[in-house]
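In: this one's sequence-less:
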């Protein structure tokens, strides 16, 4: 199975700050990577797919980048509603696998 | 509006079976891959598997392949997850999710249904 290593595990940032979350795959996943946001008590929501494509309806302050084994999710100008846990998912190889998550809190 | 509504969860004894359902609406169900993901309490997401539009291809995570069966009824717009030989490690929220026209990411998720395995 492809292992997805997310970092950091938790993150505290201030309103308006820029935040970066990283995901490292154990092998090349050819940009077959998605990012999800999960707010407490809610189901996950798709933010980014194919490493850098923004899902319809997702604010433009979210962006994804990367290739090969290294990927990142960037949140510009952090808003209070961005407090959540973020997960990456690779879908290049079966079984699809998720990162362990990054919990984002407000400082 | 895309809606996915899971049902069939609850408390089940170890070793028993349970079948979850996911009623889909608001889109052409038979045009999309569908899948299941679970989340143990306080833990991360675990991909269970996915099924293609005509049920000819079903992929599972290997550790669950002998216990779980994914199926769908396109006439009823419903996705299923049959779970057998349940153990405490299967206690989790189970999410139904819509894939795309190709296998991969999930763009819509249900609200989830809790399954608790305990005597």
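Out: Nice, thanks for sending it over. Every value quoted in this text rests on a predicted model; they were computed, and no experiment measured them.
In: residue boundaries of the strands in chain B?
Out: For chain B, the strands defined by DSSP state E occupy B:3-7, B:10-12, B:18-25, B:34-39, B:45-51, B:58-60, B:68-73, B:78-83, B:92-98, B:108-109, B:113-117.
In: do you know which of those lies nearest residue A:90?
Out: Nearest to residue A:90 among the strands of chain B is strand B:45-51; the distance by Cβ to Cβ comes to 9.7 Å. Using the backbone N, CA and C atoms, a C-beta is placed for each residue, glycine as well.
In: Quick one: the strands of chain B as CSV, columns for mean pLDDT, distance to residue A:96 and mean neighbour count too.
Out: Listed next are these as CSV, based on pLDDT from 0 to 100; distance: least, Cβ to Cβ, whole Å; neighbours: other Cβ atoms under 10 Å in any protein chain shown:
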stretch, mean pLDDT, distance to residue A:96, mean neighbour count
strand B:3-7, 98, 18, 17
strand B:10-12, 98, 26, 13
strand B:18-25, 98, 18, 18
strand B:34-39, 98, 8, 25
strand B:45-51, 97, 4, 23
strand B:58-60, 97, 8, 18
strand B:68-73, 98, 13, 18
strand B:78-83, 98, 16, 21
strand B:92-98, 98, 11, 24
strand B:108-109, 98, 14, 21
strand B:113-117, 98, 21, 18
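In: Now distance to chain A too, for those, in JSON lines please.
Out: Putting the strands of chain B into JSON lines (distance: least, Cβ to the nearest Cβ, whole Å) gives the following:
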{"stretch": "strand B:3-7", "distance to chain A": "9"}
{"stretch": "strand B:10-12", "distance to chain A": "19"}
{"stretch": "strand B:18-25", "distance to chain A": "12"}
{"stretch": "strand B:34-39", "distance to chain A": "8"}
{"stretch": "strand B:45-51", "distance to chain A": "4"}
{"stretch": "strand B:58-60", "distance to chain A": "5"}
{"stretch": "strand B:68-73", "distance to chain A": "12"}
{"stretch": "strand B:78-83", "distance to chain A": "15"}
{"stretch": "strand B:92-98", "distance to chain A": "6"}
{"stretch": "strand B:108-109", "distance to chain A": "4"}
{"stretch": "strand B:113-117", "distance to chain A": "11"}
